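>>> Fold the following and give me the result.
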Amino acid sequence: MPFDDIIARYAPVAGHPLSRLAVFDLETTGVDVARDRIVTAYVGVLDESGAVLASSEWLADPGIEIPAGAAAVHGITTEMARAEGRPARQVVGEITEALRALLDAGIPVVAYNAPFDFSVLKNEAVRHALAPIANPSPVVDPLVVDKHHDTYRRGKRTLDIVAEHYGIPLDDAHEASADAIAAGRVALAQASRYASDFPGSLAELHEKQVSWAAEQAESLSRYFVKIGKIDAGETIDGSWPIR
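Predicted structure coming up:
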């Protein structure tokens, strides 16, 4: 894997949890974390300035048709994936190995809307009889952090909109490397903007996000019941960083 030197040479500095961070993003055949498959993936490592220190990209043949709607988002058609992609089992195994090594080294992995990417990866690993990352930690999710620190800001919170809010360029949205790197730079911007009450350790930051995500899901559930989108008694799953 390409991160051995980074892992050996660097670790997050005590009191500065994002002095070194990994970034992770998937593009998939759809949005169902149990059913849909990985098409492209990116894992990289950034320094505290947001510069890329190491990276790997993957293109998989997912083994199923890529719906036209998904292809329109990320640009990969079924024909392209079959012609140029590697077997899904190999790709899933390599992504899992890279992330496991980074997490085991204590390097936090940034993933925007982390439960989507980590849940897809887990279910893909199980599908291909590989050992999944069942409890990824430490993880940083700029979406959860943004909702906690700027709860009442109006408008959508897609990555492109949130990146613009923090002054981070994102010129090629829905391309795995561009999305992953932008998410990492958003996390760095958040750590700077909210420095006065940003957790000082990775363990605390991870556990805070578990609580924040649960609170956000409870609030969204109440709102959806109020507007009739879900029935009374139904709830939105607030599990984080994996479902």
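>>> Tell me which stretches of this protein form strands.
Here the chain has its strands, by DSSP state E, at 20-28, 38-47, 52-61, 86-87, 109-110, 139-140.
>>> out of those, which comes closest to A72?
strand 20-28 (11.7 Å; C-beta to C-beta). In short, each C-beta sits where N, CA and C put it, glycine included.
>>> how near is the nearest residue to D141 once chain neighbours are set aside to T77?
Nearest residue to D141, sequence neighbours excluded (C-beta to C-beta, 6 or more residues apart in numbering): A114, at 4.2 Å. Noted for A114: a distance of 27 Å to T77, by C-beta to C-beta, to the nearest Å.
>>> same check, this time on L202
39 Å.
>>> Please identify which of those two sits among more neighbours.
Set L202 next to T77 and count neighbours by other C-beta atoms under 10 Å: L202 wins out with 21 against 16.
>>> can you count the residues close to G167?
By other C-beta under 10 Å, 10 other residues sit near G167.
>>> correct me, but it touches A189?
Yes. Using C-beta atoms under 8 Å, G167 makes contact with A189 at a distance of 6.7 Å.
>>> Show me the contact partners of stretch 174-181.
Outside stretch 174-181, the residues that touch it by C-beta atoms under 8 Å, 6 or more residues apart in numbering are 23-27, 40-44, 46, 50, 52, 55, 57, 73-75, 110-112, 159, 170-173.
>>> Buried subset of those, written for PyMOL?
Selection of buried members from the contacts of stretch 174-181 for PyMOL, criterion 16 or more other C-beta atoms under 10 Å:
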select buried, resi 23+24+25+26+27+40+41+42+43+44+46+50+55+73+74+110+111+112+159+170
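>>> how far does the helix-or-strand element of the chain with minimal mean pLDDT sit from the chain's center?
None of the helices or strands of the chain scores lower by mean pLDDT, DSSP states H and E than helix 4-9, at a mean of 73. Taking C-alpha atoms, centre = their mean, to the nearest Å, one finds the center of helix 4-9 at 22 Å from the center of the full chain.
>>> Thanks a lot, catch you later.
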